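Participant: Build me a model from this:
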Amino acid sequence: MSTLDEFSRMEAEMDLRIGVADALGTDYFYLQEHLTPAQHEVLLRTREFVAEEVRPVINDYWERAEFPFPLVEKLADVGIIGDGIVGYGCPDLDPISVGLAYMELSRGDGSIGTFAGVQAGLAMRSIAQCGSEEQKQRWLPDMAQLRKIGAFALTEPEHGSDSIGLETSARRDGDGYVINGAKKWIGNGSIADVIVVWARDTEDGQVKGFLVEKGTPGYHAEVITGKGALRAVWQAQIQLDGVRVPAESRMPGANSFKDCANVLVGTRSACAWMALGHALAGFDTALTYSRRRKQFGRPLAAFQIVQDRLVKMLADVTSMQLYCLQIGTLATEGRLQPTLAGLAKMHNTSTARSILHTARDMLGGNGILLDFQVIRHMADVEAVHTFEGTETMQTLIVGRDITGISAFA
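Facilitator: The predicted structure follows:
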């Protein structure tokens, strides 16, 4: 092949990459017509941030497993961090707006979406639901503006799906508590200014929530390395060795594991929206690629089998959209039950995995290149599928609800 031919081939490949994962606004059932102007504005504002700030640089952060601090600083200006919390400097967002923001962030990158979920859906939501007025005033305004970073420490090395059995202890000692134990997979745990630590009170055996501030003696966090998913957000393994906090650091509304579980209902909904974002990125890429990529003298989209796969992907994406809009509506009405959020999370993460697998396959060899984005989304959705309750756990929870019989071991 001549140098000129090689240059032309490279130029064509570059043209194929440009815009291949742009948001196409996939809305085959005209669902956006049901959005309010405010909801639509959140959608477009977040999409613009992703297009202009996230997608041009995120592959480099992901490949280096580096946390994107500059993007977090810019995210503060988008005005979407707060998970619908009312007041305390949080943006005025209803549940559907919150979901749309998670969807668009995840359409751009799973690490950014996960960071927002930990910051707002877990850490801020815990303080908003369980914290004292003083704790809310102190932390929430700065966290909404990303001047302070939060973490949520529940999962332990030996307690993931059975987190209700956590072993981290909190012992009352004079005018404070002493916390001992270990936590694992704690998003933002190595960089957080405040960590919501769930520990079992040795006095009554109940799980309670405590706010541990950055720099507290005995708190040690180490970034977990070697991840194949969500590489641009840091999860930590945490050791709590005699961590002493004042009594005022205990969240007065966190008195049992049920209070912790109530926080997790919202994050399961967020997972359903995040999965939708990943799936849309895969579908958009596959559709654009099949129109541009030529084989045997014709665009891939001209082949029947390719159209068959695209239509089936679209049908799955649409079902995910319907799930998300309904759980958003139910949350707005105060009727979203944990089992409904769990079913949506289970369905959407499983469906997203299938869509992304098909999209990667349709791109052939290009499908494993970060330039085409699909392989990153395919890897990242594996984490979304797992955290906040695996498919197995959600199945058992919903199964118990519809049969009245517990199938847990």
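Participant: how about the helices of the stretch 101-250 of the chain, start to end?
Facilitator: Taking DSSP state H, counting those that start in this stretch, the helices of the stretch 101-250 of the chain run over residues 110-116, 125-130, 133-144.
Participant: Now do the second one: distance to the chain's middle.
Facilitator: Taking C-alpha atoms, centre = their mean, to the nearest Å, one finds helix 125-130 lying 18 Å from the centre of the chain it belongs to.
Participant: do the first one as well
Facilitator: Here the centre of helix 110-116 is set off from its chain's centre by 5 Å, with C-alpha atoms, centre = their mean.
Participant: Just the C-alpha atoms of it, please, in CSV.
Facilitator: Extracted in CSV, the C-alpha atoms of helix 110-116 (Å, rounded to 0.1, in the frame of the first residue of the first chain):
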residue,chain,number,x,y,z
GLY,A,110,-19.6,5.7,34.0
SER,A,111,-16.9,7.0,36.3
ILE,A,112,-18.4,10.6,36.3
GLY,A,113,-21.9,9.2,36.8
THR,A,114,-20.7,7.0,39.7
PHE,A,115,-18.9,9.9,41.3
ALA,A,116,-22.1,12.0,41.2
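Participant: picking up where we left off before, output the helices of the stretch 101-250 of the chain in JSON lines, with mean pLDDT and mean neighbour count appended to each entry.
Facilitator: Heads up, the C-betas are built off the backbone N, CA and C, glycines and all. Output for the helices of the stretch 101-250 of the chain, formatted as JSON lines (pLDDT from 0 to 100; neighbours: other C-beta atoms under 10 Å):
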{"stretch": "helix 110-116", "mean pLDDT": "97", "mean neighbour count": "28"}
{"stretch": "helix 125-130", "mean pLDDT": "97", "mean neighbour count": "24"}
{"stretch": "helix 133-144", "mean pLDDT": "98", "mean neighbour count": "18"}
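Participant: Turn the ones you listed into TSV, columns for distance to residue 215.
Facilitator: Output for the helices of the stretch 101-250 of the chain, formatted as TSV (distance: least, C-beta to C-beta, whole Å):
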stretch	distance to residue 215
helix 110-116	21
helix 125-130	19
helix 133-144	15
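Participant: Determine which of these approaches residue 373 most closely.
Facilitator: Nearest to residue 373 among the helices of the stretch 101-250 of the chain is helix 110-116; the distance by C-beta to C-beta comes to 10.9 Å.
Participant: Residues contacting that closest one from elsewhere in the structure, which ones?
Facilitator: With C-beta atoms under 8 Å, 6 or more residues apart in numbering as the contact definition, helix 110-116 has outside contacts at 50, 54, 58, 61-62, 68, 71-72, 75, 80-81, 101-102, 105-106, 187-188, 229-233, 274, 277-278, 376-377, 380-381, 383-384.
Participant: if we can go back for a sec, indicate which one of the helices of the stretch 101-250 of the chain is closest to residue 30.
Facilitator: Closest of these to residue 30 is helix 110-116, at 25.3 Å (criterion: C-beta to C-beta).
Participant: Stretch 69-86: which residues count as buried?
Facilitator: By 16 or more other C-beta atoms under 10 Å, the buried positions in stretch 69-86 come out as 71, 72, 75, 78, 79, 80, 81, 82, 83, 84, 85.
Participant: same thing with stretch 244-253?
Facilitator: By neighbour count with 16+ other C-beta under 10 Å, stretch 244-253 contains the buried residues 244, 245, 249, 250, 251, 253.
Participant: Was I right to think the second one contacts residue 211?
Facilitator: This means residue 245. Yes: contact criterion C-beta atoms under 8 Å: residue 245 and residue 211 qualify, at 7.2 Å.
Participant: any chance you could map the strands in the stretch 1-150 of the chain?
Facilitator: With strands called from DSSP state E, counting those that start in this stretch, the stretch 1-150 of the chain shows them at 150-153.
Participant: quick one: low-confidence parts of it?
Facilitator: Residue ranges of the stretch 1-150 of the chain with pLDDT under 70: 1-21.
Participant: In this protein, which helix is the longest?
Facilitator: helix 257-292 (DSSP state H).
Participant: Quick one: distance of that one to the chain centre.
Facilitator: Its chain's C-alpha centre and that of helix 257-292 lie 7 Å apart, by C-alpha atoms, centre = their mean.
Participant: Let me know the average pLDDT across whichever helix or strand comes after it.
Facilitator: Sequence-wise, the next helix or strand downstream of helix 257-292 (DSSP states H and E) is strand 294-295. Predicted confidence along strand 294-295 averages 94 (mean pLDDT).
Participant: quick one: strands adjacent to strand 294-295?
Facilitator: Here strand 294-295 has these sheet partners by DSSP bridges: strand 298-299 (antiparallel).
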